[in-house]
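Novice: what shape does this take:
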Amino acid sequence: MTIAPTQTSFTPLDADWRDFFALTKPRVMTLVIFTGLCGLLAAPGHLDPVLAFTAILCIAVGAGGAAALNQWWEADIDAGMKRTRHRPLPAGKMERTSARDFGFALSGGAVMVMGLAIGWLAAAILALSIFYYAWIYTVWLKPRTPQNIVIGGGAGAFPPMIGWIAVTGHITLMPVLLFLIIFMWTPPHFWALALFVQTDYAKVGIPMMPVVAGERATRHQILGYAALLLPLTLVPWWLGFAGKVYGFSALALGLVFLALSAWVGLRRSSGTGDTMKPEKRLFAYSILYLFVLFAMLVVDRVVASYGA
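Specialist: Numbering: from 1, shown residues only. Now for the predicted structure:
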């Protein structure tokens, strides 16, 4: 089911800067900025601080532009969900065309500045990430397949790769591994959320995994992806791209992630209300997990540089 943009029937209020800022999904952007920064700081080499700031700013602005385009396209869907109905567009705070134009302006500006200031390879990957989220995931995958999060997970996996490329100017195995880590992390992270908001997705016709395949299958897949994620996070250590600080941290963090995923994955039914605590714990921990995992990558590099 595809819900194409249509003009709303109400007269929008005058939007202010806070509404435009909300279009960028600032909470999501925090993780995007952080993983991009960690990719930049963990990369071998050095980037002038002003250029480093510019690269991270472009990643943030590009992500914000993609988020605005996502909300422009999904305004009708957002209006039908409790979790999203207070966003600027479904709340009637601005015209949909304003959100669209804002999204295109942010996206185009970020890519152009990245190309001119940092390099066109980093700019190309940034453009790909915006297109991936705004079109491949939002328009094509999300309304059509329960694998939307699996395939669409690539959209949020680009920032550390872009940060790495901003420093080195080329793609190597390590930034690809960082991409794959976030790619594999996304399904258990998002499906934990989808389990306790599945009625919202069902109401608006979005085929999220719990809605289409059921809770049991979703739970098993959460556990399966968590089991695959743990050894994947250790590969940079095994291949010598990262040291013991990162390696032992990844192992400890991954074991906790796997334990929480097993708690969710082996449950028969989540129910509602307070019985959703395991799913909510997994979702909350998954965010902390990614922050700490990538932070340890940077700490590991700092420790290695002092020991050199």
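
Novice: going forward, measure contacts and count neighbours with C-alpha atoms only.
Specialist: Fine.

Novice: could you verify my assumption that residue 268 touches residue 214?
Specialist: No. Using C-alpha atoms under 8 Å, residue 268 makes no contact with residue 214, being 11.1 Å away.

Novice: give me the more crowded residue out of these two.
Specialist: More neighbours surround residue 214 than the other of residue 268 and residue 214, with 13 against 10 (other C-alpha atoms under 10 Å).

Novice: quick one, phi psi at residue 169?
Specialist: phi 80, psi 0 (degrees, to the nearest 10).

Novice: give me the number of residues near it?
Specialist: 15.

Novice: so the closest residue in space to residue 236 that isn't next to it in sequence, which state does it fall into?
Specialist: Closest residue to residue 236 apart from its sequence neighbours, by C-alpha to C-alpha, 6 or more residues apart in numbering: residue 242 at 5.5 Å. Taking DSSP: H, G, I helix; E, B strand; the rest coil as the rule, one finds residue 242 in the coil state.

Novice: just the helices in the stretch 51-200 of the chain please.
Specialist: Secondary structure of the stretch 51-200 of the chain by DSSP state H, counting those that start in this stretch: the helices cover 75-79, 96-117, 120-131, 148-152, 159-168, 173-196, 198-204.

Novice: could you do the stretch 201-308 of the chain as well?
Specialist: Counting by DSSP H, counting those that start in this stretch, the helices of the stretch 201-308 of the chain are 209-212, 215-238, 244-265, 277-307.

Novice: how is the chain divided into domains?
Specialist: 16-171, 172-303 (automatic domain parsing).

Novice: on that earlier part again, what's around the residue nearest to residue 236, how many residues?
Specialist: When neighbours are defined as other C-alpha under 10 Å, residue 242 has 21 of them.

Novice: would you mind measuring from it to residue 74?
Specialist: Distance, residue 242 to residue 74, by C-alpha to C-alpha, to the nearest Å: 40 Å.

Novice: what do you get for residue 198?
Specialist: 17 Å.

Novice: with residue 105 instead?
Specialist: Separation of residue 105 from residue 74 (C-alpha to C-alpha): 18 Å.

Novice: and residue 135, by the same measure?
Specialist: Residue 135 is 12 Å from residue 74, by C-alpha to C-alpha.

Novice: run a quick neighbour tally on residue 109.
Specialist: Neighbours around residue 109, by other C-alpha under 10 Å: 16.

Novice: next one, pLDDT for the residue nearest the centre of the chain please.
Specialist: Nearest to the mean C-alpha position of the chain, counting by C-alpha atoms, centre = their mean, stands residue 156 at 3.5 Å. Note for residue 156: predicted pLDDT of 91.

Novice: before we move on, what about residue 38?
Specialist: For residue 38, the model assigns a pLDDT of 97.

Novice: can you count the residues close to it?
Specialist: Around residue 38 there are 23 residues (other C-alpha under 10 Å).

Novice: what do you get for residue 236?
Specialist: Residue 236 - counted by other C-alpha under 10 Å - has 20 other residues nearby.

Novice: re earlier: of residue 105 and residue 74, which one has the most company?
Specialist: Each of residue 105 and residue 74 has its neighbours counted (other C-alpha under 10 Å); residue 74 has more, 20 against 14.

Novice: phi and psi next, for the more buried one.
Specialist: phi -100, psi 20.

Novice: could you check how far residue 211 is from residue 292?
Specialist: Separation of residue 211 from residue 292 (C-alpha to C-alpha): 31 Å.

Novice: which one's more surrounded, the two?
Specialist: Neighbours per residue, other C-alpha under 10 Å: of residue 211 and residue 292, the larger number sits with residue 211, 20 against 16.
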